[in-house]
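Engineer: Turn this into a structure:
(chains A and B)
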Amino acid sequence: MSNLKPPIFAEWLARRAAPRHDADFVVGDLREAFDERLASSGADEARRWYWGEALRSAAPLFARRLTSSGRPHHTTRNEDPMWTPFFGDARHALRLAARTPLASFAVVATMVLGIGSTTAVFSAMNAIVLKPLPFPESSRVVQLNSTLPDGRVSESLAYPDLMDFRRTVSDFIDLTVFQTSEQTLQSGAEPRLVRTVEVDDRYPRVFGTRVALGRWLAPSDLVVNAPKVVLLSNDFWVREFGGDHTIVGRTITLDNESVQVIGVLAAGAYTYPVPAADALRPLIIVPNTPMTNRGSLWASAAARLRPEASIAQAGRRVTAAANFISKEFPASNTKISARITPLREAVVGSVQSMLKLLAAAVAAVLLIACVNIANLILGRAQTRAREFAVRSAIGGSPGRVRGQVFTENLVLAAIGGVLGVALAPLLTHALIAVYPDALPRADEITVDGRVLVVAALATLIAGTLSALPTARRAGRLDLVRDLREGGRSGGGRGDRRAGRVLIVTQVAASLALLFGAGLLLQTFWRLTQVGPGFNARNTMTFHLYAPTARYSSPATVTRYYDDATNALRGIPGVSDVSTGTLVPFAGGRFHDTYIQKELGDQGTRNPQAAIALVGPAYEHALGLPVTRGRTFAISDDSASEPVVVINETLAKRYYPGVDPIGRVVDWNFKSWRIVGVVAATHLDNLWDEPEPVLYATPRQVPRRGRYFIMRSNRPANQVLVAARAALHQIDPTIALTDPASMQQRVDASLGGQRFRAALMATLGALALILAVLGIYGVVAHAVTRRTREIGIRMALGEAAHEVRRRVVGDALRVASVGIVAGLGLALVAGRSLSGFLIAVSPSDPRMLAAAAVLLIGVVTAAAYGPARRASRVDPVEALRGE
Amino acid sequence: MPKGHYLGEFEVLVLAALQRLGDDAYAVTIKREIELRARRSASIGAVHAAVERLADKGFVVFRISDPLPVPGGRSRKYSKITAAGLRALKQSTAALGRMIDGLELGVGR
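Structural biologist: You can find the predicted model right below:
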């Protein structure tokens, strides 16, 4: 730069003509060009040039000055207009975070919890509900269902009907028929249960099943009396046979029969309806048996749609075909129809509502977490009012200052988000562990790209949302006040309003969550107060099955169960042992219709009941009260008169006001005399009304599979060990399956309620803790802000307890708005929970009141700490501090 | 394009200069570029006023440089053409081209 300066007056002219914000740049540019002239053409020429240039510039600049708004265009001071300020702010954010480690830790920790739980729940939803089932083009596979005359939907259909669908419904590429069965593998010391699906040869065309070793089923494997064959799943092959490649062609023993292994499925091959079946066996259709009756609904089926076919259209065609069949075969198929369900819905349908509930609850917690973070950083921002003011004063635009606030919060949110995503798999594992049933598709839950995107979005939204109040405040600076006071007296009316909004939001959201948790807890508690109808204590149960290959005649089956019963009775401490095809809460139930002799055949109005085939002393073993007559004795056998026992529900429904003892019913091609009545029991759960049950005895209706019920004063697991040993003596090839005490079965039936109640209670408690922290923060901040006012009041004679009461009262007044809003929100929550509630009103006023009272208590407690601090203000100190 | 967003002749020259100069466009270089290529004079003030007008229309954004590394060094106000500016420049020159296409203007090259 030369020492020679441009003409002063010309420079003054140019500066005055230019818009104020542009003047420095215009003058600078002129100077730069002047210096160039000076170097090339000398001083005189440069001066002359400068005058000319300044004069020619004055007119357009002045015109511009008159027309422009006078506000500078947005400019950035650094190289990259977008990113550098972000990174600058990010660096600043980290420095700032390090300066207030406690507050930063609180923000990050809250974020970790919020994002972690959101990510965990979404990854579960993603795997279970959103992702297609893990086999090729699974979205085109549907399950077939039958709809029964009473409106129920069943997964079982009649085989001839299915063959008609396969032939006539053109939307299907193929249709496969299958059923599940359990078989016992005899190899090594202990027999083991093998989860098997019996399938036809079309199965791979629907489920894309591939074979890794050997071959798939051939039509010749499916004919009656074909050599017995089995395909092993990859897992089962590795687990039981150590992945031995010579397995194909060898024989194994299943249910005491020799079966040849013809192949091993590819790793990860999808099996349905058992997700990870151990083995596939041929489904052999025996002609002229119930298997081929139209009225007999036993087969499961799935079909693959053609690429061009829609599910709706295929569904209409199936229903039309079913309606045609019921016209053709009215005797068996009247009022029986069929429909299709997308396979994914069939697999995960029951879990969907639970996951939605979970997602809503987690979203509420995330909202409360955001509010808490907003609260924290707003509090911190108030002490930084001077910093923002300085930034503004040296040219930071309101947008720029706001941007800084967002960046700062997003940096902390991002740290929390990353840690939250890392935490998510742990939470998912916990969810799977505490989920009452086997969570379908649980093995598919992973953190994939979609989960990461959602986690990032949640982080971004949470980070932005929680920065909003502070950013609004930072954008509305009162420079003079903020510079002078430097944040000593904190914020103004806007801050107080923000604090109030935070309290109201937290109180409202917590109230809704607590109310929901309360309703679910009440449902659970009510159910635990319901008696199952029998004595569930000190009772061990398990299942046995006597296979045909070993016990060919009913007499040998009866002898096996008699021997087993006697052996189990000999175990010390065991008081009663009996058997039954039906054990409450364990399944094994089937329904049938029968005819009341005195009324005659009433066709479709014949009574229907659950059928239970139970041995002598069943009522003792189960602790089931006998209300009238007698139960079964050893003497009730195939040679004696057929007798049945009914339960109270059946007696009340079909013999109102009359004594059922001695009445006769026709069932299973025989006439049976009712000899006794027992108490009604719940069969599946504690909330449905007990249903009618018709008890017969296996000596008169032989059955191969039965549950054993053992009553004992010894611990259940000791009884089980002794039972295993005793049964091994009698027949070591029969596997003991499904062992559980009756108490465990009853408890397991409440698993869904327990899970929901525990989950909501946990989230409610979390919300409450967050709310306490948040409200404490707001009130504490308000007290700090009003130290001077409190000091003056105390100097004027206000007592400490009056100060405390006023501080707590202020908090409660604000919270009351939140409680009113929360009551509305709670009613909405209650309504959305109504499907999960049993004998509890979704708008239960006592529960609403309890939740409101609890929150009032919590707000009082949260405000009391700061209130106590306020009451200890030393008036002299407070006034001097100002 | 709204009516107010038509480009004047000088504005076309300025936008074209910006496009040529890339990251090195400030009033001094813009003026030099116009004088060199268009062979018409442009005052620094006229350039400043033009880029401000263009920024009003969203055709130009500004960037203030760090101070030059000399004692008392000043900051420069760099201009950059936006995507909308480039579009407007293309439309203006295309319109001009279509208007004069085939005309005998009697100007030999």
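Engineer: got the end-to-end distance for stretch A:38-45?
Structural biologist: Stretch A:38-45 has an end-to-end distance of 7 Å (CA to CA, to the nearest Å).
Engineer: does chain B sit close to that stretch?
Structural biologist: No. Applying CB under 8 Å from any CB of the partner chain, one finds stretch A:38-45 separated from chain B by no less than 12.6 Å. The way it works is simple: take the backbone N, C-alpha and C, and place the C-beta from them, glycine included.
Engineer: Just the closest residue of chain A to chain B, please.
Structural biologist: A:Ser57 (2.2 Å; CB to the nearest CB).
Engineer: Tell me if I am right that that residue is in a helix.
Structural biologist: Yes. With DSSP: H, G, I helix; E, B strand; the rest coil as the criterion, A:Ser57 is located in a helix.
Engineer: Can you get me a residue count around it?
Structural biologist: For A:Ser57, the neighbour count with other CB atoms under 10 Å in any protein chain shown is 27.
Engineer: Over to the one 5 residues further on?
Structural biologist: For A:Phe62, the neighbour count with other CB under 10 Å is 17.
Engineer: Which residues are in contact with it?
Structural biologist: A:Ala17 (CB atoms under 8 Å, 6 or more residues apart in numbering or on different chains).
Engineer: That one should be in a helix, yeah?
Structural biologist: Yes. A:Phe62 sits within a helix when classified using three-state DSSP.
Engineer: How much space separates it from B:Val47?
Structural biologist: A:Phe62 sits 15 Å away from B:Val47, taking CB to CB, to the nearest Å as the criterion.
Engineer: before we move on, back to that, for the residue of chain A closest to chain B, give me its contacts.
Structural biologist: By CB under 8 Å, 6+ apart, the residues touching A:Ser57 are A:Ala14, A:Ala17, A:Ala18, A:Val26, A:Leu30, B:Ser43, B:Ile44, B:Gly45, B:Ala46, B:His48.
Engineer: Could you pick out which of these are located in helices?
Structural biologist: Judged by DSSP state H, helices contain the following of the contacts of A:Ser57: A:Ala14, A:Ala17, A:Val26, A:Leu30, B:Ile44, B:Gly45, B:Ala46, B:His48.
Engineer: Quick one, grab the pLDDT at the closest residue to chain A within chain B.
Structural biologist: For chain B and chain A, the shortest gap (CB to the nearest CB) falls at B:Gly45, measuring 2.2 Å. In this model, B:Gly45 is scored at 92, pLDDT.
Engineer: what about the nearest residue to A:Arg31 once chain neighbours are set aside, which SS state?
Structural biologist: Counting by CB to CB, 6 or more residues apart in numbering or on different chains, the nearest residue to A:Arg31 once its immediate chain neighbours are dropped is A:Pro6, at 6.2 Å. Of the three states, A:Pro6 takes coil under three-state DSSP.
Engineer: Quick one: neighbours of A:Pro6, just the number.
Structural biologist: Neighbours of A:Pro6 under the rule other CB under 10 Å: 23.
Engineer: Which residues of chain B lie near chain A?
Structural biologist: B:26-28, B:31, B:41, B:43-46, B:48-50, B:52-53, B:55-56, B:61-64, B:66, B:70, B:74-77.
Engineer: Regarding the closest residue in space to A:Arg250 that isn't next to it in sequence, what are the backbone dihedral angles?
Structural biologist: Counting by CB to CB, 6+ apart, A:Arg250 lies nearest to A:Val261, which is 5.5 Å off, once chain neighbours are set aside. Dihedral pair for A:Val261: phi -80, psi 120, per degrees, to the nearest 10.
Engineer: close enough to count as contact, A:Val261 and A:Leu232?
Structural biologist: Yes. Counting by CB atoms under 8 Å, A:Val261 touches A:Leu232, with 6.1 Å between them.
Engineer: Run through the residues that contact A:Ile709.
Structural biologist: Counted by CB under 8 Å, 6+ apart, A:Ile709 has contacts A:539-541, A:576-580, A:583, A:618, A:621-622, A:742.
Engineer: Just the buried ones from the contacts of A:Ser57?
Structural biologist: Buried subset of these (neighbour count, 16 or more other CB atoms under 10 Å in any protein chain shown): A:Ala14, A:Ala17, A:Ala18, A:Val26, A:Leu30, B:Ser43, B:Ile44, B:Gly45, B:Ala46, B:His48.
Engineer: Find out how far stretch A:778-793 is from the centre of the chain, if you would.
Structural biologist: Computed by CA atoms, centre = their mean, to the nearest Å, the separation of stretch A:778-793 from the middle of its chain amounts to 45 Å.
Engineer: how much space between the residue nearest the centre of chain B and A:Arg706?
Structural biologist: What sits nearest the mean C-alpha location of chain B, by CA atoms, centre = their mean, is B:Val14, with 1.6 Å. Relative to A:Arg706, B:Val14 is positioned 96 Å away (CB to CB).
Engineer: got a pLDDT number for residue 35?
Structural biologist: As the question left the chain open, I've gone with chain A. 89.
Engineer: that's the wrong chain, I wanted chain B
Structural biologist: At B:Glu35, pLDDT is 90.
Engineer: Could you give the average pLDDT over the longest helix seen in chain B?
Structural biologist: Of all the elements of type helix in chain B, the one with the most residues (DSSP H) is helix B:83-100. Averaged across helix B:83-100, pLDDT comes to 88.
Engineer: Next: stretch A:619-632.
Structural biologist: Mean pLDDT, stretch A:619-632: 93.
Engineer: do the same with stretch A:536-554
Structural biologist: Mean predicted confidence for stretch A:536-554 is 88.
Engineer: just how off-centre is it within its chain?
Structural biologist: Distance of stretch A:536-554 from the chain centroid (CA atoms, centre = their mean) equals 36 Å.
Engineer: Domain ranges for chain A, per the record?
Structural biologist: Taking automatic domain parsing as the domain assignment, the ranges for chain A are A:8-67, A:149-335, A:351-528+A:752-881, A:547-733.
Engineer: Just the endpoints, please. Distance across the first one?
Structural biologist: Translated: domain A:8-67. Criterion CA to CA; first-to-last residue distance in domain A:8-67 is 27 Å.
Engineer: got the residue ranges for the strands in chain B?
Structural biologist: Taking DSSP state E, the strands of chain B run over residues B:60-64, B:77-81.
Engineer: Noted, bye for now.
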